[in-house]
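> Give me coordinates for this.
(2 chains)
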Protein chains: 2
Amino acid sequence: MKYEAFVELLEQDINNGRYDQDGKLPSEDVLIESYQVTRYTLRKAIAFLVERGQLYQVQGSGIYLRRRAKKGYFNLDDTQGITSESRGINQNVETKVVSLEEIQFKDAAFVPEGLSLSPETILYFVKRLRLLDGKPFVVEHSYYIKSLVPYLNHEIVEQSIFHYLKEVVKLKFGFADKIIRTEKLTQEVATLLELKKDDPTLVIIDEAYLSNGALFNYSKLYYHYENSEFFMHATMK
Amino acid sequence: MKYEAFVELLEQDINNGRYDQDGKLPSEDVLIESYQVTRYTLRKAIAFLVERGQLYQVQGSGIYLRRRAKKGYFNLDDTQGITSESRGINQNVETKVVSLEEIQFKDAAFVPEGLSLSPETILYFVKRLRLLDGKPFVVEHSYYIKSLVPYLNHEIVEQSIFHYLKEVVKLKFGFADKIIRTEKLTQEVATLLELKKDDPTLVIIDEAYLSNGALFNYSKLYYHYENSEFFMHATMK
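This is a model prediction of the structure:
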């Protein structure tokens, strides 16, 4: 099996709980036999998954799983969005478009610190509610700068906007800066999440840049405090 | 100037706002002149800070700052703790020890999923309140497994426990798994944070492992929702 296909398959098997029982991968020889890969490919894949924080090696003992991906945990390191995140763990994502409109920059409800655009700059403003397995999960308020994202419609925003921007518009993504904090819910967002005003919410403010450094999208995401948990791997120094 | 010293100085200058005004670094030649480094050292340092997410390069245009470190923002990628985090941004950290006791594993108020220790295993249980510039910032409930962390006293836990474990006990840190979520405050924690019961709190559950894969510490951190914001860099694919 080719390296890329093998990494994907191994990651899938890990995420689907194939090795959860004892939290440890089988020996190299067993893995080579069961996946039909070379030792070189195996070691390269293991190194990659160690680097990604999914596995760790203990000298003379074996290769262990770090916290397993599972329902309700979202990896904060990952910026591919809920649709692709949840796909790996067999969750059903539903998107309800609350509104889609064009507005001027000066009428935006919030603006990233330090962002200066002409007041008349046109933005798409999208409000969506996303449900995971039928339960309200996150309300997204997203702005897209129309000069960089020239077209959005109801059908597109009902699906994965990022997939559309990547595959159809062919935008070259660069990086995202995120601010994470906690707030009290407004009545508007609380109603969508089926919670009460002033209930807690984990908020992620996401600023997404193209590879040329241009901001093309910024969003404020309000997560349901009972239906969402995030997960992060860190290396200690 | 040597590479290590230069990286540290450049990072400090960035964090202290030296390049905040236009969000862009001066040209290579100006930097070489002003820091007295070679072009090779400069480029190596820039590449490192790009990798760390502090800078980004735009072809033919220059090197730009990503979101600047500043008061109240904590980088979620970093696990060195508040003391060292805040040092870089000139904030004053104060630690109030609420309690320090030895308990048995079976009496712990919370336990990491999947952790199985004998019920009589001795743990240190530390409760601390940390203040930043005099304002309540986080309440920490931390367990340390005594067989791996044989000694803690009031004086040590009033300072940086991680510094002590690293420099004095010489523990070899491996990695940390973190869960991030939002909860409503209990009365006990709310009082320490000078907030009200049921106010929102950002919670980080932190599980810290040695390089041999042994868990030596797990903590639950309750952040003040108005005094704390976290920041994260992400690469988009």
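> any low-confidence regions in chain A?
The model of chain A has pLDDT under 70 over residues A:67-91, A:237.
> which residue of it sits farthest from its center?
Among residues of chain A, the one most distant from the C-alpha centroid is A:Gly60; the distance is 35.1 Å, by CA atoms, centre = their mean.
> can you count the residues close to the closest residue to chain B within chain A?
Proximity of chain A to chain B (CB to the nearest CB) peaks at A:Pro200, 3.1 Å away. In this view, the C-beta of every residue, glycine as well, is placed from N, C-alpha and C. When counting by other CB atoms under 10 Å in any protein chain shown, one arrives at 26 neighbours for A:Pro200.
> thinking it is in contact with B:Arg181, fair?
No. Taking CB atoms under 8 Å as the definition, A:Pro200 is not a contact partner of B:Arg181, at 9.4 Å.
> Spit out the residues that contact those two alike.
Common neighbours of A:Pro200 and B:Arg181 are listed as A:Tyr225 (criterion: CB atoms under 8 Å, 6 or more residues apart in numbering or on different chains).
> quick one: contacts of stretch A:169-181?
For stretch A:169-181, using CB under 8 Å, 6+ apart, the contacting residues are A:76, A:79, A:148-151, A:165-166, A:202-213, A:216, B:53, B:56, B:66-67, B:73, B:76, B:180, B:202, B:225, B:228-237.
> just the strands in chain A please.
Remark: strands of chain A, listed N- to C-terminal, are A:55-58, A:62-65, A:73-75, A:93-104, A:122-132, A:135-145, A:173-184, A:200-210, A:215-224, A:229-235; assignment by DSSP state E.
> Using JSON lines, lay out the ones you listed together with distance to A:Gln159.
Converted to JSON lines, those look like this (distance: least, CB to CB, whole Å):
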{"stretch": "strand A:55-58", "distance to A:Gln159": "32"}
{"stretch": "strand A:62-65", "distance to A:Gln159": "32"}
{"stretch": "strand A:73-75", "distance to A:Gln159": "19"}
{"stretch": "strand A:93-104", "distance to A:Gln159": "7"}
{"stretch": "strand A:122-132", "distance to A:Gln159": "11"}
{"stretch": "strand A:135-145", "distance to A:Gln159": "13"}
{"stretch": "strand A:173-184", "distance to A:Gln159": "17"}
{"stretch": "strand A:200-210", "distance to A:Gln159": "17"}
{"stretch": "strand A:215-224", "distance to A:Gln159": "16"}
{"stretch": "strand A:229-235", "distance to A:Gln159": "23"}
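> Map the structural domains onto the sequence of chain A.
In the domain annotation for chain A, the residue ranges read A:3-65, A:74-231 (the TED database).
> what's the most buried one of those domains?
Among these, the stretch with the highest mean neighbour count (mean count of other CB atoms under 10 Å in any protein chain shown) is domain A:74-231, at a mean of 17.
> so what's the closest residue to A:Leu65 other than its chain neighbours up against?
Nearest residue to A:Leu65, sequence neighbours excluded (CB to CB, 6 or more residues apart in numbering or on different chains): A:Gly23, at 5.1 Å. Applying CB under 8 Å, 6+ apart to A:Gly23 gives the contacts A:64-65, B:114.
> Is chain B within reach of stretch A:217-226?
Yes. Under the criterion of CB under 8 Å from any CB of the partner chain, stretch A:217-226 makes contact with chain B via A:223, A:225.
> Need the contact partners of that stretch.
Applying CB under 8 Å, 6+ apart, the contact partners of stretch A:217-226 are A:110-112, A:115, A:135-145, A:149, A:183, A:185, A:189, A:193, A:195, A:199-208, B:181-184, B:200.
> Then stretch A:26-39?
The list of residues contacting stretch A:26-39 from outside it, by CB under 8 Å, 6+ apart, reads A:1, A:6, A:9-10, A:19, A:25, A:42-43, A:45, A:62.
> Among those, which one sits closest to A:Arg128?
Distance ranking of the contacts of stretch A:26-39 against A:Arg128, using CB to CB, places A:Leu9 first at 32.1 Å.
> so A:His233 makes contact with A:Leu55?
No. Counting by CB under 8 Å, A:Leu55 is not a contact partner of A:His233; they are 10.4 Å apart.
> quick one: common contacting residues for the two?
Taking CB under 8 Å, 6+ apart as the contact rule, the neighbours common to A:His233 and A:Leu55 are A:Arg66.
> how close does A:Ile205 sit to A:Pro26?
For A:Ile205, the distance to A:Pro26 under the criterion CB to CB, to the nearest Å works out to 43 Å.
> One more: A:Gly134?
Separation of A:Gly134 from A:Pro26 (CB to CB): 36 Å.
> got it, and A:Thr95?
Look at A:Thr95 and A:Pro26: by CB to CB, they are 39 Å apart.
> just A:Gly17 next, same as before
Counting by CB to CB, the gap from A:Gly17 to A:Pro26 is 15 Å.
> A:Pro119 contacts A:Gln104, doesn't it?
Yes. With contact defined as CB under 8 Å, A:Pro119 counts as touching A:Gln104 (6.5 Å).
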